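>>> Got a sequence here, can you build the structure:
(chains A and B)
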Number of protein chains: 2
Amino acid sequence: MNKVHNYSAGPCILPEEVFQEAANSVLNFNNKNLSLIEMSHRSVDFVEVMDEARELVKEILNVPENYEVLFLQGGASLGFLMTAYNMMRKNKNGGYIVTGAWAKKAAKEAAFMGKSSIIASSEDKNFNYIPKNYEISNNLDYLHFTSNNTIFGTQFKELPKTDLPLVCDMSSDIFSKKIDVAKYDLIYAGAQKNMGPAGTTLYIVKKDVLGASSVPIPTMLDLKTHSAKDSMFNTPPVFAVYTSMLTLRWLKKNGGIKHIEALNNEKAALIYNEIDRNSLFQGTANIVDRSNMNSTFALNNENLKSEFDSALVSANISGLKGHRSVGGYRASMYNALPVESVKVLVELMKEFENKFA
Amino acid sequence: MNKVHNYSAGPCILPEEVFQEAANSVLNFNNKNLSLIEMSHRSVDFVEVMDEARELVKEILNVPENYEVLFLQGGASLGFLMTAYNMMRKNKNGGYIVTGAWAKKAAKEAAFMGKSSIIASSEDKNFNYIPKNYEISNNLDYLHFTSNNTIFGTQFKELPKTDLPLVCDMSSDIFSKKIDVAKYDLIYAGAQKNMGPAGTTLYIVKKDVLGASSVPIPTMLDLKTHSAKDSMFNTPPVFAVYTSMLTLRWLKKNGGIKHIEALNNEKAALIYNEIDRNSLFQGTANIVDRSNMNSTFALNNENLKSEFDSALVSANISGLKGHRSVGGYRASMYNALPVESVKVLVELMKEFENKFA
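Now for the predicted structure:
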């Protein structure tokens, strides 16, 4: 049976060699005759995994010395709360650019221990664009944004212009392109797109941020707690951290960010060129704000839906259904999706046009 | 190479067939030609996993209808905070029986949004016993205790006598013996002892508890949030939930609680009989409070330590080192540890006595 062309929006495709090595380690890790998941997290073997995972993040993203890298639990959803707790300062007010459902949820959590101010929003057009030309008050403690909007298929192409500390939820585009970590005070990302399986969340935090909050923080939500214990304050999610480490090893071995960014650009160009060229389809996101990770599009004629869906199944293409709040289709093209899978989809769209246009 | 006798205190041994099936599913899940960890958590295949895991908990523990079962993230350490948030009522005061390091940490978190009152503590004797004969004020919202103390090797043999709602951290003895769920308002447990790999935390909560707190709760810490979404409010830790489900299937298939409790009693009797009989060793926990899961003991003569440690290595016995706050040795005998492994250890202790007594 051929490998599926897996366009799942997340959890999503990871490299085949990562699946192989993760499976092997569940049976016998490091030739210790023990499974990875039956070992103490304090064992030398697992401490090395955690250390290597953190080092790989630093190396691949060129993280400056004054930043800490942590692998925690709870997903970006708990991250919404944690980032707000850790970033509150004298104003007790966080600024949020609301570009989708996740950004909106993030803003909500800041109101728990402080205030949240919506600086700009694209909700008026069902989040199909990235807001520009907005005013940012200086009476804020930080500015939060979501670099890529998985559901709506938009992505920030440049950073918001502000002197405020920047906080970014990069769950769906971290490790997909070059970033300048020094521009951010805090970056966080659920693993389950470009980094690994669901179950761990990456935090990259400027050391100045640790312990600097103006509000009391519960132990487990305080990044300082985890930094002080090298990301092992409590039992970490062993399998998720290990498999993320394997995925980062794969990324490094295959040319790192520079190489993957070129491939991601190539994949995005292929699909968007076809969407724009093909008379049966249209993109749903504002052209200049289109995401390189999640390409959203729709049929011009909804009557062709069942035909197109059948064609996808025949071509072994999986996970292309759009999110219910947008409809249509969404091609999620994370790091591990081969260019070949995009070519198969584009070819299918061409054939579909030849048949039905 | 022979299988290691794995006495790790957690993460710990799981059934060999669980490792096999988990590894297979990382390569190809349900014959879908996709890895378990590259599928959407909203796919039919994974929703079935989550549903089965929750159903197995209900079936194995005979959970009454008016309880909800959830698989969340964050470990029991986040559970300390979540349980306090969810259990605070008009007194805004939680009662805690402090029988070890974890219970103490739990009590600390309640002071974040309310008060915590230490009802009884065994810290005066380095937690080597379970307190009895204490007064419990009625001006409390709940009584929290830790059923088994992994580090110190003690275990509650009967429930605290109180009319207060009972909250229990069962991380290290859940699924090891029969419990009457109806006696508790809230049970929680990190997976990584008897249930599965690290990375998910089980909550069994009376439905009356949901939404009844007297304090505001952040979204992700509110059990009602997760109950309303069938434990899928955000992306769950897929691998940890799946592998827990496999372990629960194994437990059910092998006679459930009744069978495993008998085996656990047999293992505990073997090791404690030997500790008490052998002139070279002594137990460190109060005899009537000894844990069936974690047996703590020490050499009478510390000069024999390196000899005994070498003998353990030769016998392929791993993970027996005691926690630094107790010293000596700790035999963690979770569900998946075979009786044979305990026999090997007991035999070794006998031989050691013959040689050095």
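>>> quick one: low-confidence ranges for the stretch 1-150 of chain A?
For the stretch 1-150 of chain A, the stretches flagged by pLDDT under 70 are A:1-2.
>>> got a list of what the nearest residue to A:Ser291 once chain neighbours are set aside touches?
Leaving aside its sequence neighbours, A:Ser291 sits nearest to A:Gln155 (CB to CB, 6 or more residues apart in numbering or on different chains; 3.9 Å). Using the backbone N, CA and C atoms, a C-beta is placed for each residue, glycine as well. Contact analysis of A:Gln155 by CB atoms under 8 Å, 6 or more residues apart in numbering or on different chains lists A:Ile130, A:Ser147, A:Asn148, A:Asn149, A:Asp173, A:Asp289, A:Arg290, A:Ser291, A:Asn292, A:Met293.
>>> got the contact list for the second one?
Read that as A:Ser147. The neighbourhood of A:Ser147, defined by CB under 8 Å, 6+ apart, consists of A:Gln155, A:Phe156, A:Cys168, A:Asp169, A:Met170, A:Ser172, A:Asp173, A:Ile174.
>>> Near chain B, which residues of the stretch 151-300 of chain A? Just list them.
Proximity of the stretch 151-300 of chain A to chain B, by CB under 8 Å from any CB of the partner chain, involves residues A:190, A:192, A:197-200, A:216, A:218-221, A:233-240, A:243.
>>> Can you read off the backbone torsions of A:Lys321?
Backbone torsions of A:Lys321, given as degrees, to the nearest 10, read phi -60, psi 130.
>>> so how many other residues sit close to the residue nearest to it when sequence neighbours are not counted?
Using CB to CB, 6+ apart and skipping residues adjacent in sequence, the residue nearest A:Lys321 is A:Tyr329, 6.8 Å away. Residues near A:Tyr329, counting by other CB atoms under 10 Å in any protein chain shown, number 24.
>>> cool, and A:Ser137?
Using other CB under 10 Å, A:Ser137 is surrounded by 12 other residues.
>>> That one in helix, strand or coil?
Under DSSP: H, G, I helix; E, B strand; the rest coil, A:Ser137 falls in the coil class.
>>> And A:Ala331, by the same measure?
In three-state terms, and counting by three-state DSSP, A:Ala331 is strand.
>>> Tell me if I'm right that it and A:Val344 touch.
No: between A:Ala331 and A:Val344 there is no contact under CB atoms under 8 Å: 11.1 Å.
>>> Who has more neighbours out of these two?
Between A:Ala331 and A:Val344, A:Ala331 has the larger neighbour count (other CB under 10 Å), namely 28 against 15.
>>> Could you pull out the helices in the stretch 251-357 of chain A for me?
For the stretch 251-357 of chain A, the helices defined by DSSP state H, counting those that start in this stretch occupy A:256-277, A:305-314, A:339-356.
>>> Can I get the second one in PDB? Just the C-alpha atoms.
As requested, C-alpha coordinates have been extracted for helix A:305-314 and formatted as PDB (Å, rounded to 0.1, in the frame of the first residue of the first chain):
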ATOM      1  CA  LYS A 305     -17.800  18.800  -3.900                       C
ATOM      2  CA  SER A 306     -18.600  15.100  -3.800                       C
ATOM      3  CA  GLU A 307     -16.700  14.600  -7.100                       C
ATOM      4  CA  PHE A 308     -13.600  16.300  -5.700                       C
ATOM      5  CA  ASP A 309     -13.800  14.500  -2.400                       C
ATOM      6  CA  SER A 310     -13.900  11.200  -4.200                       C
ATOM      7  CA  ALA A 311     -10.900  12.200  -6.400                       C
ATOM      8  CA  LEU A 312      -8.900  13.000  -3.200                       C
ATOM      9  CA  VAL A 313      -9.700   9.600  -1.700                       C
ATOM     10  CA  SER A 314      -8.700   7.800  -5.000                       C
END
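>>> List the buried residues in it.
A:Phe308, A:Ala311, A:Leu312 (16 or more other CB atoms under 10 Å in any protein chain shown).
>>> and it with helix A:339-356, angle?
140 degrees (axes from the mean of the first three to the mean of the last three CA atoms, to 10 degrees).
>>> same thing with the first one?
Using the same axes, to 10 degrees, the interaxial angle of helix A:256-277 with respect to helix A:339-356 works out to 0 degrees.
>>> Give me the mean pLDDT for helix A:256-277.
For helix A:256-277, mean pLDDT rounds to 98.
>>> And for stretch A:210-224?
The average of the pLDDT scores along stretch A:210-224 is 98.
>>> What distance separates the opening and closing residues of it?
Distance across stretch A:210-224, first residue to last, is 5 Å (CA to CA, to the nearest Å).
>>> Contacts made by it with the rest, please.
Residues contacting stretch A:210-224 (CB under 8 Å, 6+ apart): A:68, A:70, A:78, A:81-82, A:85-90, A:92, A:113-114, A:141, A:203, A:205, A:209, A:225, A:227, A:233-234, B:74, B:77-78, B:80-81, B:105, B:108-109, B:112.
>>> re the thing from before, what about the residue nearest to A:Ser291, distance to A:Ile275?
Using CB to CB, to the nearest Å, we find A:Gln155 at a distance of 16 Å from A:Ile275.
>>> for A:Arg54, same thing?
Per CB to CB, A:Arg54 is found 39 Å from A:Ile275.
>>> ok, now A:Asp289?
Taking CB to CB, one finds A:Asp289 at 14 Å from A:Ile275.
>>> which phi and psi does the residue nearest to A:Ser291 have?
phi -150, psi 140.
>>> Bridge partners for it, pull those for me.
Taking DSSP bridges as the rule, A:Gln155 bridges to A:Asn148.
>>> Domain map for chain A?
As given by automatic domain parsing, the domain ranges for chain A are A:16-253, A:256-356.
>>> most packed of those domains?
Highest mean neighbour count among these (mean count of other CB atoms under 10 Å in any protein chain shown): domain A:16-253, with a mean of 21.
>>> Between the two ends of that domain, what distance do you get?
In domain A:16-253, first residue to last residue: 14 Å (CA to CA).
>>> quick check, A:Thr83 in a helix?
Yes: under three-state DSSP, A:Thr83 sits within a helix.
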